[in-house]
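Visitor: Predicted model, plus sequence, below.
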Amino acid sequence: MNSMSMDDKDLIYSLRAELDAHNYKYYVLSAPEISDQEFDEKMHQLIELEQKHPELFDANSPTQRVGSDISKAFTQVKHKYPMLSLGNTYSKEEVQDFYNRVSRALEGEKFEIVCELKFDGTSISLTYENGEFVRAVTRGDGEKGDDVTDNVRTIRTIPLKLKGDYPQSLEMRGEILMPWAVFDELNQEREAEGEPLFANPRNAASGTLKQRNSAEVARRKLDAYLYYVLGEDIPTLSHSDNLAHAKKWGFKISDAYKVCNNVDEVFEFINYWDVERKNLPFATDGIVLKVNSIAQQEQLGLTAKSPRWAIAYKFKAERECTRLNDITYQVGRTGIVTPVANLEPVQLAGTVVKRASLHNADIIESLDLHVGDYVYVEKGGEIIPKIVGVNTEMRNPDAAEKVKFITHCPECGAELVRVEGEAAHRCPNENSCFPQIVGRILHFVSRKAMNITIGNESIELLLKRNLIKDAADLYALKVDDLKDLPLWGEKSANNLINSIKDSLSVPYDRVLYAIGIRTVGASMAKKLAAELKSIDALKAATVEQLVQIDEIGEGIAQQIVSFFADEKNVAFVERLRGYGLQLEAVESNTVVSDKFAGMTIVVSGVFEKYSRDEIKALIEANGGKNATSISKKTSFVVAGENMGPSKLAKCESLGVKIITEAEFDALLN
Ligand code: IVH
């Protein structure tokens, strides 16, 4: 029988409550009380206790916020209360009309209007029973939506257990959004991986919410604001008071709302936020006006699609008219040719716009663009401005020449190809088209790949001087090859060589990503490395075998197989093997002893017997925790060659012990 000590059970419950409270302070209030490290330690302790006591599983435990790799299909759920949409307007007159309409319908009775931000994300309905989060459903068609509970559980600002005096049965409505900073980072990552970019944070939020892999959702750091309380026993008959209650139950409610007593106050709110919203960390696309009294809301009732007691005033996307000077074409690492519109500089939404992306030939065609046209440029929810139309009245029919997509690569002159079913034109000359070669090397050295510190210009210089022909040649470089290059010197040469050397310890999944198989991004490479533990296993896999792996479709499988069918690629991989790159996964994560349990260890420098990542994996496998910076909590530092002087000084001042690789080995064995 499983002899469960009362102590463990109590500890699990108290750790859960404690972590929930810290989570709330950190994410909802932005006022953490403990360090990230202390938080992680408590979380680690809870994870271990829960592993020991599977009978105490709780889907709402703070440990469950990390999501799972298991991909799940969504089931459809009928909404208890239909999810209505709002009437929209872009005009202040119509806001006034709305106000008058409400006033008339209430026959002169006094009323208040609550003004709120219109969050530009994707709407969600959250169900709580007895204070426990039970379900999250998307809007869908308003009657029924997708059950996205597992994904929503990973959003830290959504409480899994309520606090205080909450109703037994509760439905909260709100918006899931992706903050600008997260959106920018995600798109940069996608660009580096050659994946399509999200047009705006709204698309990114809804796309993320529909991910089948909740661990990926957790990684993308969504946020949520709640704005509507529903249920049989809601606390008050005032919308704004209900929001104040919901805040006490632990929900994230924006402070940017105002109870207005007349229409002037409404306009004041609108005007204020039309400017101030640009300083918010997330996208908003308007203001929502709601009658505050729920009794009056009921009196006003609904139309077929939307309530009569609310309306959305939408901010206009900022738009300017400017001249299209010409179109240039950029060639990316995979050979895709992207047209860029070069515009007469124009001030738009706080920045000077000179260029706009045109994406592909179809878009140029549908706009019927002519060189010299006056075009409308808009910056709505997007960060990259786009051309939304042409002012044909300003076109000079004699001079205007219709834009024709180029037929040959602007860099190498090769004839472009357009793969059936794809919007993009591609330069097929992957072996000698310069920007493709540079692009592949840049991808290889990027932070999430081999993390070699070298920039675009240096790569171009090395290629032009014939010092390298591809990324594998980096490993044959010597300080002597570099130190006399213009603007280099011995120091930068040494730095680069060390950085290249360091990259030999980069684990296999990142090497696989660096190699740059089309459609294999960083997370896909991780997945492949976890399933097939070496590059040889991957090379041997057939399409049929690859599609058996979760999330790998026919397309990716084909790309992998055709990559290895190309002799040049195989030769490239073999050269990397010759230079000593990691082409096999290092087994870790399974705890083999608890030798380092409770210890926080810092690994620094370059080692002989192990790679740095191997040492880190060994620490984890023996129950220890890796940290990157030295503090008084550091148990000891494993130091190799080249450990920095500032780290040494820090160890000395804090009295932290330093051990060598050999001593570490002795500890292990
Ligand atoms: S209230 C019946 N409040 O806008 C009223 N909606 O076009 C339900 N939205 O589907 C909605 N911010 O996704 C409300 N403060 C806010 C909102 C908001 C954004 C979204 C929501 C809704 C859409 C309506």
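Guide: Yes, it's here. Numbers count the residues shown, from 1 in each chain.

Visitor: wait, what's in contact with whichever residue of the chain sits closest to the ligand?
Guide: Proximity of the chain to the ligand (CB to the nearest ligand atom) peaks at S123, 3.1 Å away. Just so you know, the C-beta spots here come from the backbone N, C-alpha and C atoms, and that holds for glycine as well. Listed by CB atoms under 8 Å, 6 or more residues apart in numbering, the contact set of S123 reads M83, T138, R139, R173, G174, E175, I176.

Visitor: Go back to these and keep what's next to the ligand.
Guide: Applying CB under 6 Å from any ligand atom to the contacts of S123, one finds that R139, E175 fall near the ligand.

Visitor: rewinding a little: the strand or helix carrying the residue of the chain closest to the ligand: partners in the sheet, and parallel or antiparallel?
Guide: S123 is part of strand 122-129, with elements assigned from DSSP states H and E. When pairing is defined by DSSP bridges, strand 122-129 lines up against strand 132-138 (antiparallel), strand 169-177 (antiparallel).

Visitor: Following the chain onward from the longest one, which element is next?
Guide: It refers to strand 169-177. helix 180-192.

Visitor: just checking, what packs against that next one?
Guide: Packing partners of helix 180-192 (3 or more CB pairs under 8 Å, 6 or more residues apart in numbering; DSSP states H and E): helix 201-209.

Visitor: Flag every buried residue along the helix it packs on.
Guide: Within helix 201-209, the residues that count as buried by 16 or more other CB atoms under 10 Å are P201, R202, N203, A204, A205, S206, T208, L209.

Visitor: any idea of the mean pLDDT for the next helix or strand after that helix?
Guide: Per DSSP H and E, the first helix or strand lying C-terminal to helix 201-209 is helix 214-219. For helix 214-219, the mean per-residue pLDDT is 86.

Visitor: ok, back up a step: tell me how far the strand holding S123 lies from the chain's centre.
Guide: Chain-centre distance of strand 122-129: 22 Å, with CA atoms, centre = their mean, to the nearest Å.

Visitor: Same check on stretch 551-558?
Guide: 22 Å.

Visitor: CA atoms only for it - export them in CSV, please.
Guide: This file holds the C-alpha atoms of stretch 551-558, laid out as CSV (Å, rounded to 0.1, in the frame of the first residue of the first chain):
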residue,chain,number,x,y,z
GLU,A,551,2.7,17.1,-35.4
ILE,A,552,4.8,15.9,-38.3
GLY,A,553,2.8,16.1,-41.5
GLU,A,554,3.4,14.9,-45.0
GLY,A,555,5.0,18.3,-46.0
ILE,A,556,7.7,18.4,-43.3
ALA,A,557,8.4,14.7,-43.7
GLN,A,558,8.9,15.2,-47.5
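
Visitor: And the buried ones among the contacts of S123, selectable in PyMOL?
Guide: Applied in PyMOL, the following selects the buried portion of the contacts of S123 according to 16+ other CB under 10 Å:
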select buried, resi 83+138+139+173+174+175+176
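
Visitor: coming back round to it: kindly reformat the buried residues of helix 201-209 as a markdown table containing pLDDT.
Guide: Shown next, in a markdown table, are the buried residues of helix 201-209 (pLDDT from 0 to 100):
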| residue | pLDDT |
| --- | --- |
| P201 | 89 |
| R202 | 90 |
| N203 | 87 |
| A204 | 91 |
| A205 | 94 |
| S206 | 91 |
| T208 | 93 |
| L209 | 92 |
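
Visitor: nearest to R101, of these?
Guide: Of all the buried residues of helix 201-209, R101 sits closest to R202, with 29.0 Å by CB to CB.

Visitor: Now that closest one. Nearest residue, chain neighbours left out?
Guide: Closest residue to R202 in three dimensions, ignoring its sequence neighbours and counting by CB to CB, 6 or more residues apart in numbering: D120, at 5.1 Å.

Visitor: Just give the number of residues close to the closest residue to L654 other than its chain neighbours.
Guide: Spatial nearest neighbour of L654, chain neighbours left out: K632 (5.2 Å); criterion: CB to CB, 6+ apart. Other residues near K632 come to 8 when the count uses other CB atoms under 10 Å.

Visitor: same deal with E320?
Guide: Applying other CB under 10 Å, I find that E320 has 16 neighbouring residues.

Visitor: sec struct for it, please.
Guide: Secondary structure for E320, judged by DSSP: H, G, I helix; E, B strand; the rest coil, is strand.

Visitor: I'd say it and Y376 touch.
Guide: Yes: between E320 and Y376 there is a contact under CB atoms under 8 Å: 7.3 Å.

Visitor: related to what we said a few turns ago, got the phi and psi for the residue nearest to L654?
Guide: Torsion angles at K632 (phi, psi; degrees, to the nearest 10) stand at phi -70, psi -10.

Visitor: what about this protein, any weak spots by pLDDT?
Guide: 1-6, 69-72, 192-196, 350, 380-383, 587-591 (pLDDT under 70).

Visitor: switch to 50 and redo it
Guide: 1-3 (pLDDT under 50).

Visitor: Close to the ligand: what parts of it are there?
Guide: Checking the chain against the ligand by CB under 6 Å from any ligand atom, the hits are 84-86, 116-119, 123, 139, 175, 227-228, 288, 307, 310, 312.

Visitor: One more pass at 8 Å, please.
Guide: 83-86, 88, 116-123, 139, 173-175, 225, 227-228, 254, 257, 284-286, 288, 290, 306-307, 310, 312 (CB under 8 Å from any ligand atom).

Visitor: Return a PyMOL selection command for the buried portion of the residues you listed.
Guide: Those of the residues of the chain next to the ligand that count as buried under 16+ other CB under 10 Å are selected in PyMOL with:
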select buried, resi 83+84+86+116+117+118+119+120+121+122+123+139+173+174+175+225+227+228+254+257+284+285+286+288+290+306+307+310+312
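
Visitor: Pull the number of nearby residues for L504.
Guide: 16.

Visitor: hang on, S68 in a helix?
Guide: No: when three-state DSSP is applied, S68 is found to be coil, with no helix at that position.

Visitor: got the contact list for it?
Guide: Contacts of S68 by CB under 8 Å, 6+ apart are D150, N213, S214, A215.

Visitor: what do you get for E116?
Guide: Per CB under 8 Å, 6+ apart, neighbours of E116: Y227, S254, A256, Y257, I287, V288, K290.

Visitor: one more time with 7 Å
Guide: Y227, Y257, I287, V288 (CB atoms under 7 Å, 6 or more residues apart in numbering).

Visitor: what's the farthest-apart pair in those?
Guide: Y227 and I287, at 12.0 Å, using CB to CB across the contacts of E116.

Visitor: Just the C-alphas of stretch 449-462, formatted as CSV.
Guide: Extracted C-alpha coordinates of stretch 449-462, given in CSV (Å, rounded to 0.1, in the frame of the first residue of the first chain):
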residue,chain,number,x,y,z
ALA,A,449,21.1,27.7,-33.5
MET,A,450,24.9,27.5,-32.9
ASN,A,451,25.1,30.9,-31.2
ILE,A,452,28.3,32.0,-32.8
THR,A,453,29.0,35.7,-32.5
ILE,A,454,29.4,36.9,-36.0
GLY,A,455,27.4,39.5,-38.0
ASN,A,456,26.2,39.8,-41.5
GLU,A,457,29.0,42.0,-42.8
SER,A,458,31.8,39.7,-41.4
ILE,A,459,30.1,36.7,-43.0
GLU,A,460,30.0,38.5,-46.4
LEU,A,461,33.7,39.5,-46.0
LEU,A,462,34.8,35.9,-45.2
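
Visitor: Could you give the bridge partners of K314?
Guide: Beta-bridge partners for K314, by DSSP bridges, are G286.

Visitor: Does it touch S91 like I think?
Guide: No: under the criterion of CB atoms under 7 Å, K314 makes no contact with S91, lying 9.6 Å away.

Visitor: Quick check: chain neighbours aside, which residue is closest to L348?
Guide: E320 (4.9 Å).

Visitor: check contacts around the one you found.
Guide: V346, L348, V377.

Visitor: Show me which of K314 and S91 is the more surrounded one.
Guide: K314 (16 against 11).

Visitor: got a list of what that one touches?
Guide: N88, T89, Y90, D285, G286.
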